[in-house]
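>>> Model the structure of this input:
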Amino acid sequence: MADEGEAFRVYRPDGSVGWGAAAWSEMARELRMSRELIWRLFLRDFSARYKQSVLGVLWAVIMPVATVATFAFLNLSGVLNIGEVDVPYPVYALLGLTVYQMFAGGLAACSGAIVAGGGMVVKINFPKETLVIASLGQAVVETLIRVGLLVLVFACYGIAPHWTAVFFPLLLLPLLLLTLGLGFLLSLLNVLVRDVAHIVTLGTTFLLFLTPVLYPAGKEGLFASVTAFNPLAALVSGPRDMVLSGRMADPLHYTWASCFCVLLFLVSWRLFHMVEPRMAERV
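Next up is the predicted model:
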């Protein structure tokens with residue numbers, strides 16, 4: 001028993017621990033204070049990505065054009081049956097590929113962000129999610145470049161997008177949240193197992209053929225059943241439909257897919273933040 005008059009120090013749990021409002025408030029405050037750091041990391045990564053590249057940002061245009069040209073050739077030669085679309089196939093495929101590659105490229109960049117910034121993680125105390133968010137910025141810039149290509153393609157075919165195309169950036173937000181949420185989780189796994197980077201590349205390539213990116217979604221059969229449970233299908237088709245026709249073919253699918261993206265992002269962000277103190281031990 002302590003003597004009378006002896007001072008006691010009482011330790012209380014940190015309010016940022018757990019899943020309460022205090023934890024989310026702390027995370028939001030740290031992120032808001034790290035805006036300048038995110039911008040500087042983005043500039044560093046962007047400069048390093050194209051510093052010694054001969055073609056530079058043109059690779060953001062060359063790859064989708066080559067992919068669309070390959071599928072168009074296979075369709076014309078009869079090897080593949082793409083199906084009927086309401087606009088010229090290059091317009092349809094390039095628009096879908098622009099949306100999908102924001103996800104695929106962003107996921108690849110985010111999953112390797114912590115390992116790539118290992119020197120900073122070990123030596124400096126800073127919010128580690130800034131590395132993942134800055135990496136996603138590279139995919140956003142490449143998407144903007146591809147949108148410029150889309151404008152040229154629309155003009156070449158004499159097609160005007162529907163006025164609802166103004167909502168295109170907003171309709172991409174759920175896909176960005178999905179990319180960032182998966183990026184948080186995969187970046188943690190990549191710290192433990194370096195094979196994750198190869199799995200992400202293989203997985204996004206496989207998903208390209210399971211998602212109606214380069215061809216319309218089937219209305220029956222096995223592919224239609226897979227599409228119904230594939231959130232990427234709605235997240236790619238929805239924005240494309242709004243640009244080409246002004247209405248979504250399946251708005252309910254897009255709605256539940258968007259809700260799933262928001263939930264996954266929040267859970268992933270919180271788990272990432274909870275593991276953050278031990279990250280330097282594993283890098």
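>>> how deep is residue 267 tucked in, by neighbour count?
As a burial measure, residue 267 scores 14 neighbours (other Cβ atoms under 10 Å). Placement of C-beta: from N, CA and C, glycine included.
>>> Contacts only, for it.
Contact partners of residue 267, counting by Cβ atoms under 8 Å, 6 or more residues apart in numbering, are residue 181.
>>> secondary structure element for it?
helix 251-275 (DSSP states H and E).
>>> And for residue 44?
Counting by DSSP H and E, the element that carries residue 44 is helix 35-50.
>>> Kindly format the C-alpha coordinates of that helix as PDB.
What follows is helix 35-50 as a C-alpha-only set of coordinates in PDB (Å, rounded to 0.1, in the frame of the first residue of the first chain):
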ATOM      1  CA  ARG A  35      -0.100  16.600 -47.700                       C
ATOM      2  CA  GLU A  36       3.200  18.200 -48.500                       C
ATOM      3  CA  LEU A  37       5.100  15.000 -47.900                       C
ATOM      4  CA  ILE A  38       2.700  13.100 -50.300                       C
ATOM      5  CA  TRP A  39       3.300  15.700 -53.000                       C
ATOM      6  CA  ARG A  40       7.100  15.500 -52.600                       C
ATOM      7  CA  LEU A  41       7.100  11.700 -52.700                       C
ATOM      8  CA  PHE A  42       4.900  11.800 -55.800                       C
ATOM      9  CA  LEU A  43       7.300  14.200 -57.600                       C
ATOM     10  CA  ARG A  44      10.300  12.000 -56.600                       C
ATOM     11  CA  ASP A  45       8.700   8.800 -57.900                       C
ATOM     12  CA  PHE A  46       7.500  10.500 -61.100                       C
ATOM     13  CA  SER A  47      11.000  11.900 -61.800                       C
ATOM     14  CA  ALA A  48      12.700   8.500 -61.100                       C
ATOM     15  CA  ARG A  49      10.200   6.600 -63.200                       C
ATOM     16  CA  TYR A  50      10.900   8.500 -66.400                       C
END
